[in-house]
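[1] Give me a 3D structure for the following:
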Amino acid sequence: MTTEQSPTFQALAEVLEHESLHLAQLIDLLQEERTALIEALDERINQLAAEKLHRIQALDTYAARRNALLTGLGYTQSSEGMEQAVEASGELAPRLRALWSKIADRALVARDLNDLNGNLIRARLSSVQGRLSQLQRSVMGAADGLYSADGLSQAVRVSRPLGNV
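    Residues are numbered from 1 along each chain as shown. Model (predicted):
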């Protein structure tokens, strides 16, 4: 490592620390979101969505800074480039390696939690769509238990739209 690179490697370590912190905070938000989805806390779900967006924007900022530092050091903007930078960082290597490993682990946890939450959202949406479909069928006339003389479902028409007096 050259003397010129030392401040850049130090800056890289600082960026990785911030990135790791924001990932931990994102994981906390995703866990809270899972609870809010299970408990159907709609207002909190909306608040968490805004907080997640803020956290993801911060992560994008730190990833861009990390990539700029890697490029400045002459490495590619990839996991391989990061591994090469870690190996070339001299005495900072153990710290950078630990931070990069923590980021990779936390990114996987965040991805898995986000996938789980997505499944919960899809299940909830499916339930709502099913109830809406049932409501539409009853309003539009496919009422259960009413059949015509030929044995087919008899359509029942509503004389006026709901909500009208």
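[2] okay, CA-based contacts and neighbour counts for the rest of this
    Noted.
[3] Run a quick neighbour tally on the closest residue to Glu51 other than its chain neighbours.
    Spatial nearest neighbour of Glu51, chain neighbours left out: Leu29 (7.7 Å); criterion: Cα to Cα, 6 or more residues apart in numbering. For Leu29, the neighbour count with other Cα atoms under 10 Å is 20.
[4] For the strand or helix carrying Leu29, buried residues please.
    With elements taken from DSSP states H and E, the one containing Leu29 is helix 5-38. For helix 5-38, the neighbour count (16 or more other Cα atoms under 10 Å) marks 8-9, 12-27, 29-31, 33-34, 36-37 as buried.
[5] can you check stretch 61-80 too?
    Neighbour-count burial for stretch 61-80, with 16+ other Cα under 10 Å as criterion, is recorded at 62-63, 65-70, 73, 75-77.
[6] same for the helix ranked longest in the chain, what does it pack against?
    When the chain is parsed with DSSP state H, its longest helix is helix 93-140. With contacts taken as 3 or more Cα pairs under 8 Å, 6 or more residues apart in numbering; DSSP states H and E, helix 93-140 sits against helix 5-38, helix 79-88.
[7] want to throw the ones you listed into JSON lines with distance to Arg106?
    Listed next are the helices and strands packed on helix 93-140 as JSON lines, based on distance: least, Cα to Cα, whole Å:
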{"stretch": "helix 5-38", "distance to Arg106": "6"}
{"stretch": "helix 79-88", "distance to Arg106": "15"}
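[8] could the ones you listed be laid out in a markdown table, adding mean pLDDT?
    Formatted as a markdown table, those follow (pLDDT from 0 to 100):
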| stretch | mean pLDDT |
| --- | --- |
| helix 5-38 | 96 |
| helix 79-88 | 97 |
